[in-house]
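Q: structure for the following, please:
(one chain, ligands or ions: 2)
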Amino acid sequence: MVDIKDGSIEIRNLYKIFGPKAASHVAAVKNGLSKADLLQKTGYAHELRDINLDIPAGSIEVIMGLSGSGKSTLIRHINRLIDPTAGEVLIGGVDVCKMKYRDLRDFRRRQIAMVFQKFALLPHRNMLDNVIYGLEVCGVERKGSVDTAMRWIERVSFKGFEQRYPNQLSGGMQQRVGLARALFIDAPVLLMDEAYSGLDPLIRTDMQTVLLDLQKEIRKTIVFTTHDLDEALRLGDQIAILRDGRMVQQGTKQDIVLRLADDYVTNFVKQVNRGRVVSMDGVMSPLRSGAGVAGRLVTADTTMEEAISILTRDAQLEQLTVVGENSRPLGTITLRQLAWALITPDDALDDDGRARTEHPVRTDVPAEFSRG
Ligand SMILES: Nc1ncnc2c1ncn2[C@@H]1O[C@H](COP(=O)(O)OP(=O)(O)OP(=O)(O)O)[C@@H](O)[C@H]1O
Ligand SMILES: [Mg+2]
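A: Numbers count the residues shown, from 1 in each chain. Ligands and ions are numbered 1, 2, ... in the order given. Modelled structure (predicted):
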């Protein structure tokens, strides 16, 4: 087995240009040759440009972008279904691109699992045997695997259906099997390419819950691609946004919602209920150092919605004090500030229609709002 130290993923200066002798065009692309010019001059399309990503072991990274932005191309570099034209992909410190054939084969079988949008189940095997298949190809005996397989089948709420064949089950059920199969291998890295995009909305939310609950226990490094912002905000510890093969923004959900990188991100984020995403550290008025703690305390990760709920339930409560570690006071927030911060700003875009880089949540409550 390849000696990876953990499930962390580092992607360094990754470029992908499709076409024979693509490497000879990397220098020009690095020097700023645009996608359109490259295509016009050479007939080659570059699909990923200077991608850098650091994914800590045990976290969920969501890669978001519109169709054709390069999500699948990027995720397939992680298990080297695609070789980069330039750059490095390190898993637990080991460069996937330098693995020899046997190492790569073992790595794919045991250390990295993939869940596909189209399930990719074997039609002539029942669900239990589909789950077990991954280890069977490694020569592990079926007999010893059944108990473990059943445990995962139970964990993804699939028990009772394990004797059925793929064509006897709905998409949601098949996707549970896809997940159980990936978990059964017990690889530290799990790749999920639009895994839930084919499911209808209720089942999709249900599967997100299954994944989040499981993750508390399994702590895998999960890379999940989607073009759905709600899904990204729900699942991602970190979110990376791809546009035309470039990484336009990376950060926590709050970073993404508060600091819009450009109009593409703004368009994604416009519909988001900021009350559920933004927490106190993003909107409070900071306290001067040495100020005392007064009134009701909330932690910095309290969402705006939760803070509003606390303040509206108690008419006597004027403001909340936000505290950090060891109850250190960080700031204060009033209902008026919260209401103001919830209003979608009409100046999120500048005169050229580009997103302003400073965050759109306003902490500067105008005088007429602040009067008591
Ligand atoms: N083998 C290939 N040869 C040439 N071009 C390719 C190849 N694979 C992908 N592309 C191109 O790369 C671009 C990005 O495709 P990719 O499938 O990565 O996008 P995506 O973000 O996953 O889209 P979707 O949301 O539709 O799945 C597309 O323009 C696609 O045509
Ligand atoms: Mg795709």
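Q: leaving out chain neighbours, which residue sits closest to the residue of the stretch 251-372 of the chain found nearest ligand 2?
A: Nearest residue of the stretch 251-372 of the chain to ligand 2, counting by CB to the ion: Phe268, 16.6 Å away. Every residue, glycine included, has its C-beta placed from N, CA and C. Distances taken as CB to CB, 6 or more residues apart in numbering place Leu229 nearest to Phe268, at 5.1 Å, with adjacent residues excluded.
Q: next, give phi and psi for the residue of the stretch 251-372 of the chain closest to ligand 2.
A: phi -60, psi -40 (degrees, to the nearest 10).
Q: pretty sure it is touching Asp228, no?
A: No - counting by CB atoms under 8 Å, Phe268 sits too far from Asp228 to count as a contact (9.7 Å).
Q: more neighbours, those two?
A: Shown here are Phe268 and Asp228; by other CB atoms under 10 Å, Phe268 has more neighbours (23 against 17).
Q: dump the residue contacts of that one.
A: Residues counted as contacts of Phe268 (CB atoms under 8 Å, 6 or more residues apart in numbering) are Met64, Leu229, Ile241.
Q: next up, the contacts around the first one.
A: Just to be clear, that refers to Met64. By CB under 8 Å, 6+ apart, the neighbours of Met64 are Lys71, Thr225, Thr226, His227, Asp228, Leu229, Ala232, Ile239, Ala240, Ile241, Leu242, Phe268.
Q: and what of the second one?
A: With CB under 8 Å, 6+ apart as the criterion, the residues that contact Leu229 are Met64, Phe268, Val269, Gln271, Val272.
Q: show me where pLDDT drops low in the protein?
A: 289-293, 343-372 (pLDDT under 70).
Q: where exactly do the strands run in it?
A: 9-18, 45-55, 60-64, 86-91, 94-95, 112-115, 189-193, 221-226, 238-243, 246-251, 285-286, 296-299, 319-323, 329-334 (DSSP state E).
Q: and for the closest residue to Arg155 other than its chain neighbours, the neighbour number?
A: Setting aside the residues directly before and after it, Arg155 is nearest to Leu214 in space (CB to CB, 6+ apart), at 6.4 Å. Counted with other CB under 10 Å, the neighbours of Leu214 add up to 18.
Q: so which of the contacts of Phe268 comes closest to Arg155?
A: Met64 (26.8 Å; CB to CB).
Q: what residues does the stretch 1-150 of the chain have near ligand 1?
A: Residues of the stretch 1-150 of the chain lying close to ligand 1 by CB under 6 Å from any ligand atom are Phe18, Ala45, Glu47, Gly65, Ser67, Gly68, Ser69, Gly70, Lys71, Ser72, Thr73.
Q: again with the stretch 151-300 of the chain
A: By the rule CB under 6 Å from any ligand atom, the part of the stretch 151-300 of the chain lying against ligand 1 is Glu194, His227.
Q: mind doing that once more with 8 Å?
A: Taking CB under 8 Å from any ligand atom as the contact definition, the stretch 151-300 of the chain meets ligand 1 at Asp193, Glu194, Ser197, Thr225, His227, Leu242, Gly245.
Q: any of these buried? List them.
A: Asp193, Glu194, Thr225, His227, Leu242, Gly245 (16 or more other CB atoms under 10 Å).
Q: nearest residue to the fifth one other than its sequence neighbours?
A: Of all residues beyond its chain neighbours, the one nearest Leu242 is Gly65 (3.5 Å), with distances taken as CB to CB, 6+ apart.
Q: ok, the one you found touching Ile239?
A: No - the pair Gly65 / Ile239 is not scored as a contact, 10.5 Å apart, by CB under 8 Å.
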